[in-house]
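K.L.:
Got a predicted structure plus its sequence, pasted below:
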Amino acid sequence: ARRLAQDGAHVVISSRKQEKVDQAVAKLQGEGLSVTGTVCHVGKAEDRERLVTTVLHINVKATAMMINAVVPEMEKRGGGSVVIVSSIAAFHPPPGLGSYCVSKTALLGLTKCLAIELDPKNIRVNCLAPGLIRTSFSKTLWGDKEQEKRTKETLKIRRMGEPEECAGIVSFLCSEDASYITGETVVVGGGSPSRL
């Protein structure tokens, strides 16, 4: 979010908790950046069973609906750029996360389809597929030193990725420097297998 705002975008931050949204917005606005925020709750850890049954709705349908909602505004401005966030799990599913992985793979297809459909409106659509990035979502894979060591051994680049390493790619895909790129997925995965 910081990188996009620094590069001139107006950024809308969302999180499941209002306090997280408020903290992030206050911090970035305090830096003079154009940022607003809203709560967007997509599920709780303890609701995992329910989440698994609705994950396609959350990860795919909600993404398509959000893009559909923003397209008219982009059209008014003469075009724009959409970056969908998928996951390395779309290419290389870990055991036990089948529904999640299928939903993330569907986002790769959604990217391709929307790139074709929105091209006449001068809207480019690309996708980011992060690998193992050090966030609270991935903490179970790096929360203790032994687990982090085992996880790093699976990566060609023997370290975890940082959120800033994804931010630069998203900013690039939104910029005029990427004006000839649409329908593509960029993997930021430390060398993890990333082909279907």
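P.N.:
Cool, the structure landed.
K.L.:
what's next to the helix or strand hosting M66, contact-wise?
P.N.:
With elements taken from DSSP states H and E, the one containing M66 is helix 62-76. Under the criterion CB atoms under 8 Å, 6 or more residues apart in numbering, residues 42, 80, 82, 84, 107, 110, 114, 118, 121, 123, 125 lie in contact with helix 62-76. All C-beta spots, glycine's among them, are computed from the backbone N, C-alpha and C.
K.L.:
List the buried residues for the helix or strand encompassing T111?
P.N.:
Following DSSP H and E, the helix or strand that holds T111 is helix 98-118. Taking 16 or more other CB atoms under 10 Å as the neighbour-count basis, helix 98-118 is seen to contain the buried residues 100-108, 110-112, 114-115, 118.
K.L.:
Repeat that for stretch 21-35.
P.N.:
For stretch 21-35, using 16+ other CB under 10 Å, the buried residues are 21, 24-25, 28, 33, 35.
K.L.:
chain center to that stretch: distance?
P.N.:
Chain-centre distance of stretch 21-35: 20 Å, with CA atoms, centre = their mean, to the nearest Å.
K.L.:
is it true that V85 touches C127?
P.N.:
Yes. Under the criterion of CB atoms under 8 Å, V85 lies in contact with C127, with a separation of 7.4 Å.
K.L.:
what's the pLDDT at A106?
P.N.:
At A106 the predicted local confidence, pLDDT, stands at 95.
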